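Chemist: Only the shape, not the letters, is given here:
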């Protein structure tokens, strides 16, 4: 099974002037299926494509998957991808060495627009002339104290240094290597938790020299996650140290440029605390936009705006509940 993937602003397939498939922003995928392909091949390809981080985040870095942006996927059958590489062929001529798998309806036309410029992918946010993010204000603490079982790292958020571990990629799937993987996981969650399970997998994979995290790698890592608490959010599953899940958690500034997080990578508990500690955000015409500025975001994607709106709404409820309980 082979596939080619293209980012698109929109794409559609028409058969006899009738639209049979259509998506907005997302991925256009041409798939060539061979007769000996199995369900395992399909599952591998689906996992691979859905986790490709080929969309820009708020920092302009290619760090988001089609799942992260809530995009669509349009799949087109393309048996020519199974062409024998040794065969000679040109566009418009018969291709030799291909076992064709026929569809009921042949695609007669495909219209796909190229990806839009990065400026169009997200709302631009100017960080100019803005006050720094406030430390937890006494007034904010009186209104809605943050209840967190997790200790706060006053040094801020920083990526885990795994160089102290002896990474041996060739042993990754061996039983005897389990303690090394477990140790890496503990180090990452101790330093960065709570964090996305996807980010944890990325840290472990890169420590072994791998740029991508496939299904088999994730399965191996997941074997060691039963001892951690989890929360499901719009951007994925977050991992917490046992017994540390809380509605609010003091925001951890990036310790350096390398440790800067996308909004999707920041747990809602931290985002809620940002609002609680900066109650003036409620009085702004566009609280989400101003919050993005405080966080140093230059481009605010629609999914990230929705996440900030969610955090603002939760902060309102948190403050209102606390005020009612103390009235």
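Modeler: On my side now, so go ahead. What you are looking at is a predicted structure, and each value in this text was computed from that prediction instead of being measured.
Chemist: quick one, helices of the protein?
Modeler: 39-50, 118-121, 138-143, 178-192, 197-207, 215-222, 268-277, 287-294, 302-326 (DSSP state H).
Chemist: Mind putting those into a markdown table with mean neighbour count?
Modeler: Bear in mind the C-beta positions are built from the backbone N, C-alpha and C, glycine included. What follows is those, written out as a markdown table (neighbours: other CB atoms under 10 Å):
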| stretch | mean neighbour count |
| --- | --- |
| helix 39-50 | 14 |
| helix 118-121 | 13 |
| helix 138-143 | 13 |
| helix 178-192 | 17 |
| helix 197-207 | 21 |
| helix 215-222 | 15 |
| helix 268-277 | 24 |
| helix 287-294 | 20 |
| helix 302-326 | 17 |
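Chemist: how about these in TSV, adding mean pLDDT and distance to residue 4?
Modeler: TSV is the format used below for the helices of the chain (pLDDT from 0 to 100; distance: least, CB to CB, whole Å):
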stretch	mean pLDDT	distance to residue 4
helix 39-50	83	10
helix 118-121	43	21
helix 138-143	43	51
helix 178-192	97	33
helix 197-207	94	23
helix 215-222	92	20
helix 268-277	96	36
helix 287-294	91	35
helix 302-326	92	25
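Chemist: got the ones you listed as JSON lines, with distance to residue 260 columns?
Modeler: Shown next, in JSON lines, are those (distance: least, CB to CB, whole Å):
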{"stretch": "helix 39-50", "distance to residue 260": "25"}
{"stretch": "helix 118-121", "distance to residue 260": "17"}
{"stretch": "helix 138-143", "distance to residue 260": "24"}
{"stretch": "helix 178-192", "distance to residue 260": "13"}
{"stretch": "helix 197-207", "distance to residue 260": "13"}
{"stretch": "helix 215-222", "distance to residue 260": "24"}
{"stretch": "helix 268-277", "distance to residue 260": "14"}
{"stretch": "helix 287-294", "distance to residue 260": "13"}
{"stretch": "helix 302-326", "distance to residue 260": "14"}
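Chemist: With respect to residue 256, which of the ones you listed lies nearest?
Modeler: helix 178-192 (13.3 Å; CB to CB).
Chemist: which helices and strands does that closest one pack with?
Modeler: helix 197-207, helix 215-222 (3 or more CB pairs under 8 Å, 6 or more residues apart in numbering; DSSP states H and E).
Chemist: contacting residues for the closest residue to residue 291 other than its chain neighbours?
Modeler: Once flanking residues are discounted, residue 291 sits nearest to residue 308: 5.3 Å by CB to CB, 6 or more residues apart in numbering. Contacts for residue 308 (CB atoms under 8 Å, 6 or more residues apart in numbering) come out as 263, 271, 287, 288, 291, 292, 300.
Chemist: Looks like the third one contacts residue 281 (just checking).
Modeler: Yes - under the criterion of CB atoms under 8 Å, residue 287 makes contact with residue 281 at 4.6 Å.
Chemist: Give me the common contacts of those two.
Modeler: 275, 312.
Chemist: wait, doesn't residue 42 sit right on residue 1?
Modeler: Yes - Residue 42 is in contact with residue 1 according to CB under 8 Å; the separation is 7.1 Å.
Chemist: Reformat the helices and strands packed on helix 178-192 as CSV; add distance to residue 243.
Modeler: Below are the helices and strands packed on helix 178-192 laid out as CSV (distance: least, CB to CB, whole Å):
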stretch, distance to residue 243
helix 197-207, 18
helix 215-222, 20
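Chemist: To residue 314, which of these lies closest?
Modeler: helix 197-207 (21.4 Å).
Chemist: The closest one - contacts with which helices or strands?
Modeler: Helix 197-207 sits against helix 178-192, helix 215-222, strand 236-240, with contacts defined as 3+ CB pairs under 8 Å, 6+ apart.
Chemist: export those to JSON lines and tack on distance to residue 327?
Modeler: Formatted as JSON lines, the helices and strands packed on helix 197-207 follow (distance: least, CB to CB, whole Å):
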{"stretch": "helix 178-192", "distance to residue 327": "38"}
{"stretch": "helix 215-222", "distance to residue 327": "46"}
{"stretch": "strand 236-240", "distance to residue 327": "32"}
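Chemist: Could you chop the protein up by domain?
Modeler: Following automatic domain parsing, the chain resolves into domains at 2-118, 122-148+246-327, 153-244.
Chemist: How much space separates the closest residue to residue 255 other than its chain neighbours from residue 60?
Modeler: In this structure, residue 255 finds its nearest non-sequential neighbour in residue 158, 3.8 Å apart by CB to CB, 6+ apart. Distance from residue 158 to residue 60, counting by CB to CB, to the nearest Å: 21 Å.
Chemist: More neighbours: the two, which one.
Modeler: In this view residue 158 and residue 60 are compared by other CB atoms under 10 Å, and residue 158 has more residues nearby, 16 against 13.
Chemist: May I have the beta-bridge partners of residue 72?
Modeler: Residues in a beta bridge with residue 72, per DSSP bridges, are residue 26.
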